[in-house]
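Participant: Next one to model:
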Amino acid sequence: MNEERKLLAPDALAKGLADVHLSEVRSLLSLQKRVEELVEPLLREQETPSLDEASNEIQQQYRRELRNKLRVMPANEVAYILESLEANERLIVWEEVKEGADPILA
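Facilitator: Sure, this is the predicted structure:
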């Protein structure tokens, strides 16, 4: 029985780590969406090019952070994350996978 636990522990640990990474990815996506929701009305009201540039820079910053997180994850974790996300989030993450993650996925 104790040996069974030892054999199952790495899988449980890997699943736990994958869940943590999934939570981090969801958090980044949520933050990005929230920033877009806050900045979008300002852009429409003011039509300020510098505000638009700032919005784009913020979006790129979130994308870079997401890409960097994905880059260090094993392919099976990235696949797990993709399967766990809603379709619109999945597309965003997939774009970043193609940009920088494990070549086996792209």
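
Participant: How about the residue nearest the centre of the chain, nearest residue that isn't a chain neighbour?
Facilitator: Computing the C-alpha centroid of the chain and ranking residues by C-alpha atoms, centre = their mean puts residue 25 first, at 3.3 Å. Distances taken as C-beta to C-beta, 6 or more residues apart in numbering put residue 81 closest to residue 25, at 5.5 Å, once the chain neighbours are dropped. (Each C-beta comes from the backbone N, C-alpha and C, glycine too.)

Participant: Remind me what the longest helix belonging to the chain packs against, helices and strands.
Facilitator: In the chain, taking DSSP state H as the definition, the longest helix is helix 2-46. In terms of contact count using 3 or more C-beta pairs under 8 Å, 6 or more residues apart in numbering; DSSP states H and E, helix 2-46 is assigned the packing partners helix 49-71, helix 75-84, helix 87-100.

Participant: switch to 6 Å and redo it
Facilitator: Secondary-structure packing of helix 2-46 (3 or more C-beta pairs under 6 Å, 6 or more residues apart in numbering; DSSP states H and E): helix 49-71, helix 75-84.

Participant: same question for that helix, mean pLDDT?
Facilitator: What helix 2-46 shows for mean pLDDT is 78.

Participant: Likewise for stretch 92-106?
Facilitator: Taken as a whole, stretch 92-106 has a mean pLDDT of 74.

Participant: Also stretch 70-88?
Facilitator: Computed over stretch 70-88, the mean pLDDT rounds to 92.

Participant: Can I get that stretch as CSV, trimmed to CA atoms?
Facilitator: Taking C-alpha atoms only, stretch 70-88 is exported to CSV below (Å, rounded to 0.1, in the frame of the first residue of the first chain):
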residue,chain,number,x,y,z
LEU,A,70,4.0,28.7,-21.4
ARG,A,71,7.5,28.4,-22.6
VAL,A,72,8.8,26.8,-19.4
MET,A,73,5.9,24.3,-19.1
PRO,A,74,6.1,20.8,-20.5
ALA,A,75,4.0,20.1,-23.5
ASN,A,76,1.5,17.9,-21.6
GLU,A,77,0.8,20.7,-19.1
VAL,A,78,0.2,23.2,-22.0
ALA,A,79,-2.2,20.7,-23.6
TYR,A,80,-4.0,20.3,-20.2
ILE,A,81,-4.3,24.0,-19.9
LEU,A,82,-5.6,24.4,-23.5
GLU,A,83,-8.2,21.6,-22.9
SER,A,84,-9.3,23.3,-19.6
LEU,A,85,-10.0,26.8,-21.1
GLU,A,86,-13.1,28.2,-22.8
ALA,A,87,-12.8,28.5,-26.6
ASN,A,88,-12.1,32.2,-26.6
